[in-house]
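> Quick one, what's the 3D model for this:
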Amino acid sequence: MTRSELLSETGMLDFKSPAIAALIAERGWQQLPLEQRIGAAYGFVRNEIRFGYNASDTLKASQVLADGYGQCNTKAVLLMALLRGLGIACRLHGFTIHKSLQRGVVPEAAYWMAPENILHSWVEAEFNGAWVNLEGFILDDAVLASLQAAFPGRRSLCAYGAGTDCLQAPQVGWRGTDTYIQKTGINADLGVFAAPDDFFAQYRQDLSGVRGLLYRYGLRPWMNRRVAAIRRGRVPVIPGGARTLEPQFEGQVYARQRMSVQR
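Next comes the predicted model:
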């Protein structure tokens, strides 16, 4: 992939749209030094775009901004658009995560519906001549604080949208280095892509037919209500005890598993 590709606007990375261009201008981000530009865009996506589940992974960045919430893939799209709008080269790294990472957000009664492997991505931004992995933007501070308060003695947690082996002090703040919050749930590496458009042209989540309709119109609103409850400090109990909340993959990316991901 060329440098031009890593800075270009795409169908999904619509950083020239009026809403995104106005946001960048109003915040004065363009005038900041490089490290602060990255930090400003990253901090905005992490906390001003709340954790939640959009109607689709393939929304444009301007649509994610309008929603005001997002999950790993949609927040990544918005962050990439902001970075490119600020002249910062970036790319998407695609993965799958095991569905256990979503347990507690996905209600137990509907857990069977979730695909075994769920599409996941993080953003790689160019900084000081190297690629920095940015994944810690997914959970907003209020959700993370509620999980920390609910499990004060836990080091590792793989549930409720978190996948970390350092729950009480995860690498989520921008300090010029990698950030992570779902890494320990990853079970397959799907490679690096110049843009999310390319990733979703090659991979799509298997939520077709009746299951897709149930997700869009029933499960997704239910999940968003549960996230809102977690944000208020009401963390649902997951059956199965402490072992249920442990990372199943210990941060290791296994051989490509596409059981529920179709090319």
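
> tell me the residue furthest from the middle of the protein?
Relative to the average C-alpha location in the chain, and by C-alpha atoms, centre = their mean, no residue lies farther out than Q31, which sits at 27.1 Å.

> Identify the residues contacting G104.
For G104, the set of contacting residues under the criterion of C-beta atoms under 8 Å, 6 or more residues apart in numbering consists of A159, Y160, G161, R226, I230, V235, P236, I238. Backbone N, C-alpha and C define where each C-beta goes, glycine included.

> same thing with L157?
L147, F151, G163, T164, L167, L245, P247.

> R3 versus the residue farthest from the centre of the chain, what's the distance?
Separation of Q31 from R3 (C-beta to C-beta, to the nearest Å): 23 Å.

> where exactly do the helices run in the stretch 101-250 of the chain?
For the stretch 101-250 of the chain, helices defined by DSSP state H, counting those that start in this stretch occupy the ranges 141-150, 196-202, 209-214, 220-231.

> if we can go back for a sec, who wins for neighbours among the contacts of G104?
Neighbour counts for the contacts of G104 were taken using other C-beta atoms under 10 Å; the highest belongs to G161, with 29 neighbours.

> Okay, the nearest residue to that one once chain neighbours are set aside and F51: tell me how far apart.
In space, and not counting its chain neighbours, G161 is closest to V105: 5.3 Å by C-beta to C-beta, 6 or more residues apart in numbering. For V105, the distance to F51 under the criterion C-beta to C-beta works out to 9 Å.

> Check L147 too.
11 Å.

> So between the two, which is more surrounded?
Remark: of L147 and F51, F51 carries more neighbours, 29 against 22, as counted by other C-beta under 10 Å.

> From what I see, that one and A162 are in contact.
No - applying C-beta atoms under 8 Å as the test, F51 and A162 come out as separate, 9.9 Å apart.

> In this protein, which helix is the longest?
Using DSSP state H to assign secondary structure, the helix with the most residues in the chain is helix 72-85.

> who touches both of F51 and A162?
L139.

> Tell me what the nearest residue to V192 once chain neighbours are set aside is bridged to.
Taking C-beta to C-beta, 6+ apart, and ignoring the residues beside it in sequence, V192 has H93 as its nearest neighbour in space, at 5.2 Å. Here H93 shows beta-bridge partners W122, V192, assigned using DSSP bridges.

> State the distance from H93 to I181.
15 Å.

> Which of those two has more residues huddled nearby?
Relative neighbour count places I181 above the other of H93 and I181, with 26 against 20, counting by other C-beta under 10 Å.

> where does the nearest residue to that one once chain neighbours are set aside fall, phi/psi-wise?
The shortest distance from I181 to any residue other than its chain neighbours is 4.7 Å, reached at G136 (C-beta to C-beta, 6+ apart). Dihedral angles phi and psi of G136 (degrees, to the nearest 10) take the values phi -70, psi 0.

> Just to check, G136 is in contact with R175?
No - judged on C-beta under 8 Å, G136 makes no contact with R175 at a distance of 10.3 Å.

> Nothing else from me, thank you.
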